[in-house]
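>>> Provided below are the primary sequence and the corresponding predicted coordinates.
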Amino acid sequence: MPLFYQHNINDTSKLAVWHITEPENFFLQNVHLQKEIHHPHKRVQHLAGRYLLQLLHPEFPLHLIEIAESNKPMLQDESYHFSISHCGDFAAAVVSENTSAGIDVELITPKVKLIQHKFLSADELKLLPGADQTLLTLCWSCKEAVYKWYGKGGVDFINHIHISNITVKDVRGVIECTFLKNCQKDLYINFHLFENLCLAWVVG
């Protein structure tokens, strides 16, 4: 049972990360495939994410999950707010009983340096002089988590999500940013860095 990481954010919100080593049948014993997915690995990722939802909340109504126009999975009655992410052999999920939530998990690779100008503004790049692949991946993961938190699509990572400060203490920390799509809201994205993996989440 490779539960990689679990964290109770507060009394009503919690998250978990699963390291996928099991065959597809392991997950199918517990959750059903809700849509046709041809790629075997993507299918297992999909199942692992939903498996985590029930691990976090055994009564989670998986059969009621719908996909919004923005491609965000959701519950129409909002009995739970949730977000799912997967990357490589990892799946992550966050569930909140009363507020919007977003999560992102990313493998840390050098490729992020090639696209940093596509998701970081000139001011943000000045905030990160000489940033390595870990810090750049962290910024990308932060913005992905915010995108999922918003859940309505149409978000420009440069114009709508502005990072203003990053606080790192050992392998944990907080990124402060302002969200500017149809409103202005200050957000605090928490993160945890593992050896080759970055996890970021936001609730509120």
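Okay, I see it. Numbering: from 1, shown residues only.

>>> secondary structure element for N190?
strand 185-193 (DSSP states H and E).

>>> which helices and strands does that strand pack with?
For strand 185-193, the packing partners by 3 or more CB pairs under 8 Å, 6 or more residues apart in numbering; DSSP states H and E come out as helix 133-150, strand 172-179, strand 197-203. Glycine gets a C-beta too; all of them are placed from N, C-alpha and C.

>>> which one of these is the most hemmed in?
strand 197-203 (a mean of 26; mean count of other CB atoms under 10 Å).

>>> this structure: helices as residue ranges?
24-28, 40-56, 112-119, 122-127, 133-150 (DSSP state H).

>>> of the helices and strands packed on strand 185-193, which is nearest V105?
strand 197-203 (5.2 Å; CB to CB).

>>> name every strand pairing with the closest one and say which way it goes.
strand 101-107 (antiparallel), strand 185-193 (antiparallel) (DSSP bridges).

>>> just put the ones you listed in a markdown table and tack on mean pLDDT and distance to P61.
What follows is the strands paired with strand 197-203, written out as a markdown table (pLDDT from 0 to 100; distance: least, CB to CB, whole Å):
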| stretch | mean pLDDT | distance to P61 |
| --- | --- | --- |
| strand 101-107 | 98 | 16 |
| strand 185-193 | 98 | 27 |
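
>>> deepest of those strands, which one?
strand 101-107 (a mean of 25).

>>> restricting to C-alpha, output that strand in PDB.
The C-alpha trace of strand 101-107 is given here as PDB (Å, rounded to 0.1, in the frame of the first residue of the first chain):
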ATOM      1  CA  ALA A 101      -9.300  23.400  -3.500                       C
ATOM      2  CA  GLY A 102      -6.500  22.900  -6.000                       C
ATOM      3  CA  ILE A 103      -3.600  20.500  -6.000                       C
ATOM      4  CA  ASP A 104      -0.700  19.800  -8.400                       C
ATOM      5  CA  VAL A 105       2.100  17.200  -8.300                       C
ATOM      6  CA  GLU A 106       5.100  17.500 -10.700                       C
ATOM      7  CA  LEU A 107       8.300  15.600 -11.400                       C
END
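
>>> nothing else from me, thank you.
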